[in-house]
Structures are given as structure tokens and as C-alpha cells.
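structure for the following, please:
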Amino acid sequence: LSYAVQDGDTLGNIASLFRSSWKDILDLNPRVANPDFIKPGWILFIPMGVAGPSNKKVRGLPIIIAASISVAMLLLCVLTIILCLKRRSTLPSVEAPAHKMEKIPSNTSIAALESRFYPSMRINEIDPFQTERPVIFSLRAIEDATSNFDEKRKIGEGGYGSVYLGFIGTHEIAVKKMKASKSKEFFAELKVLCKIHHINVVELIGYAAGDDHLYLVYEYVQNGSLSEHLHDPLLKGHQPLSWTARTQIAMDSARGIEYIHDHTKTCYVHRDIKTSNILLDNGLRAKVSPCKTHQFSGMSAQIFHLFDYLLFNRLQISAWSSSFSVVMKMNVWQLVWLERQATFHQNQFLSFT
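Below you'll find the model as predicted:
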């Protein structure tokens, strides 16, 4: 150890300071001829071999410094990793291949909806037909599925917008295209459909948004509506429904409506039960289209039993029950009428022969 001599220093003082002896200091500094005379500014070498409390402290200091630096570096690395992961989770995902679900919000409305309904969903690619949760499609995937909304793919149209037949892989879908001005209806329908999952209710697969339009993606029900099968079915390429098929349709429809009314966490009611909103699949099994499902609180839009509302200030389930009974009467009596017509024409033919 080297030491610069200060004013008033003596070899004895310096030796006491470093827990050494003045003789050992002289041995290391042969130029000091007179131990009683040392000049301020001289550099003296101090022996380090003598044990003492101060020497132990001096020898332990580098270890403490090294340990402190190591801990600081470790904490810095951990903090850097955390910041990188957090930043990565907030960045938009790289676009997935066509026909896959993409977690890329199309606009601020979808981003807000995602944060509200799916704050924990952070999957880049999943099979939209294997999950009960609606997925967000990119506009590109929707356009590819519908051949860029080809008019030949249009299967329905109304005040809400148009419905197109689409294909995602080997799966058929129905895409409801709504104007951006219908965002209130879009969000209301999406909020309800996210909570309804039943084999007799048309399932929402996902949704998407563009600059001018909003899109809801449903499963496609191949055999059209019950209305098409009841009114001039032969002209629309359908065979008249048998008693067995009509009974099954009635049971399926009742199960779907019962689920919406009684078995969802939030009570909902279907505000538009009619034959055109009951769809049939290839096996003539019925699925209720929940296009006008309403939360059972407050009042908005369509009222069937105005008297019930004015008297009790609430919507009555009986209103929709009566609508369902009308549908079922159409389902049953239409076949009775067909049979009577067939009997009448048969009797007429026999009378002429």
C-alpha cells in the first residue's frame, strides 16, 4: 500500500494508522535514512502483511463492492426482461395466415370492445370453430371468405344490412354486413351473443370491423328458414315437412327459446319470434336466430304486449310465449290445410272419374 506523507506525520503515527510497525515501513523504504525525518509529499510503501482489524476491513472491501455490483446487474437484467415482455404484449400481433383468427383490432371501436369483453385473450391463432368465445377476424379474412362480398353470395338483406354466404376452409359461415352507423346495434347484439351458447341457437363465431362497415360472423344454417318450408316450399326447392319433422322443429325451437329466457346468467328475452327467425339445418333440426334478443331490464324498441308494459312497467315473458304459440300454430295448421287440400282434390278427381 502506498501513502503520501502529510504535514505533521511521523513514522510512528503512520505505523499506528495502518496497524504496522515503523521498522517494517523502513525496510520497504530504504531511501528514508533518518526515521525521525520524513518530508511531506514523500510516497511511502506500507506493508500489508500485518494482521489487524483495519486490514481485514480493507481486504473485505473489494468483496463487498463486487457483490453489490453483481446484485445491481441482476436487478437490471430482471427489470429489462419485464419491460420487454410488457412492451411485447402491447404491440399488435403479426398478421396471421388467411382464414385464421387475428388479434388485430380494425378500429378503435373493436379495440375498446376487446378490452371490455376479452381482456385476457392474447392468442394469435386459434380455430374459431373449436372455441365458445367469439374471435376477431381481420377485414381481409372476411373479404376472402365472401369473395369480396360478391353479390352472388348474398343470401339475405334487411334494414340492418346484408347477409353473405362465406367459406373459411371447409366451413360455411354467414356474414352479416352492417353499416358503421349501426354501431349501437352491433355492440348490443355482440354483447348478448357472446353469452349465448346452445345447440338450438344460431352461434356467433366472431366479428370484424372496417372503416365503413361492421361484421358479425355466424354459423351457416343450410336449409333456410321455417318460413320457406311453410310457404310454397316446392317453389323454393323444399319438400313439405312431415308431422315428425314439425314436431321436432317445435321441440328444438322451444328448447332454444327456453335457454335464452331462463338459462343465461343475465335474463334475456327474444323480441321477434317468427318463422323467418327459426332456421333449419340439413337434418331439419331447428336453430333460433337471436337477432333481436333483449336484456330483460328497462324498455326499448319493439313491444308486443303494450298493455302488460303500461300496467306493470315491465316486459312480460308471456308476450314472447304467445309469439311462439303463433309460430307453432302455423307449423301445425299449415300441414292440416295441405292434407285437407290434398283430400279435396282427390275427391274432386274421383267424382269426375
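
what count of nearby residues applies to residue 227?
Neighbour count for residue 227, taken as other CB atoms under 10 Å: 17. Bear in mind the C-beta positions are built from the backbone N, C-alpha and C, glycine included.

also residue 171?
The number of residues packed near residue 171 is 15, by other CB under 10 Å.

tell me the confidence at it?
On the pLDDT scale, residue 171 is placed at 90.

gap between it and residue 217?
10 Å (CB to CB, to the nearest Å).

and what of residue 84?
Distance from residue 84 to residue 217, by CB to CB: 34 Å.

the two: which has the busier surroundings?
residue 217 (26 against 10).

could you give the mean pLDDT of the strand or helix carrying that one?
Residue 217 belongs to strand 213-219 when assigned by DSSP states H and E. Strand 213-219 shows an average pLDDT of 91 in the prediction.

what about residue 22, how many neighbours?
For residue 22, using other CB under 10 Å, the count is 16.

now do the contacts for it.
11, 12, 14, 15, 35 (CB atoms under 8 Å, 6 or more residues apart in numbering).

the residues you listed in strands, which ones?
Residues of those located in strands (DSSP state E): none.

from the residues you listed, which shows the smallest pLDDT?
Lowest in pLDDT among the contacts of residue 22 is residue 35, which has 74.

OK, contacts around residue 222?
Contacts of residue 222 (CB under 8 Å, 6+ apart): 172, 281, 282.

give me the below-cutoff pLDDT ranges for the stretch 51-200 of the chain.
Scanning the stretch 51-200 of the chain for pLDDT under 70 picks out the ranges 51-60, 90-132.

so can I have JSON lines of the contacts of residue 22 showing distance to residue 226?
Compiled in JSON lines, those are given as follows (distance: CB to CB, whole Å):
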{"residue": "11", "distance to residue 226": "114"}
{"residue": "12", "distance to residue 226": "114"}
{"residue": "14", "distance to residue 226": "108"}
{"residue": "15", "distance to residue 226": "110"}
{"residue": "35", "distance to residue 226": "119"}
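
just the closest of these to residue 268, please.
Within those, the smallest distance to residue 268 is 92.2 Å, found for residue 14 (CB to CB).

quick check, that closest one in contact with residue 46.
Yes. Using CB atoms under 8 Å, residue 14 makes contact with residue 46 at a distance of 7.2 Å.

which residues are common contacts for the two?
Joint contacts of residue 14 and residue 46 (CB under 8 Å, 6+ apart) are 3, 20, 25.

do you know how far residue 192 is from residue 269?
11 Å.

pull out the buried residues from the contacts of residue 22.
Among the contacts of residue 22, the ones that count as buried by 16 or more other CB atoms under 10 Å are 11, 14, 15.

next step: these restricted to helices.
11, 14, 15 (DSSP state H).

for the first one, list the residues it contacts.
Looking back up the chat, that one is residue 11. Contacts of residue 11 by CB under 8 Å, 6+ apart are 22, 25, 26, 32, 35, 38.

tell me the one of those residues nearest residue 73?
Distances from residue 73 to the contacts of residue 11, taken by CB to CB, are shortest for residue 25, at 39.4 Å.

show me what counts as buried in the helix or strand that contains the closest one.
In this structure, residue 25 sits in helix 22-28 according to DSSP H and E. Residues of helix 22-28 classed as buried by neighbour count (16+ other CB under 10 Å): 22, 24, 25.

what's the neighbour count on residue 285?
Neighbourhood size, residue 285 [other CB under 10 Å]: 17.

wait, I meant residue 9
17.

pretty sure it is touching residue 42, no?
No. Shown here, residue 9 and residue 42 do not form a contact pair, counting by CB under 8 Å, at 9.2 Å.

shared neighbours of the two, anything?
With CB under 8 Å, 6+ apart, residue 9 and residue 42 have no common neighbours.

just to revisit the earlier point, please save the CA atoms from the strand holding residue 217 in CSV.
The C-alpha trace of strand 213-219 is given here as CSV (Å, rounded to 0.1, in the frame of the first residue of the first chain):
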residue,chain,number,x,y,z
HIS,A,213,-68.8,-1.4,-42.0
LEU,A,214,-69.1,-3.8,-39.1
TYR,A,215,-69.4,-7.5,-39.5
LEU,A,216,-70.9,-10.4,-37.4
VAL,A,217,-69.8,-13.9,-38.4
TYR,A,218,-72.4,-16.7,-37.7
GLU,A,219,-72.6,-20.4,-38.3
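
in its sheet, what does that strand sit against?
strand 171-179 (antiparallel), strand 204-209 (antiparallel) (DSSP bridges).

nearest to residue 79, of the contacts of residue 11?
For those, with residue 79 as the reference and CB to CB as the criterion, the closest is residue 25, at 48.5 Å.

give the buried residues for stretch 255-264.
255, 256, 257, 259, 260, 261, 264.
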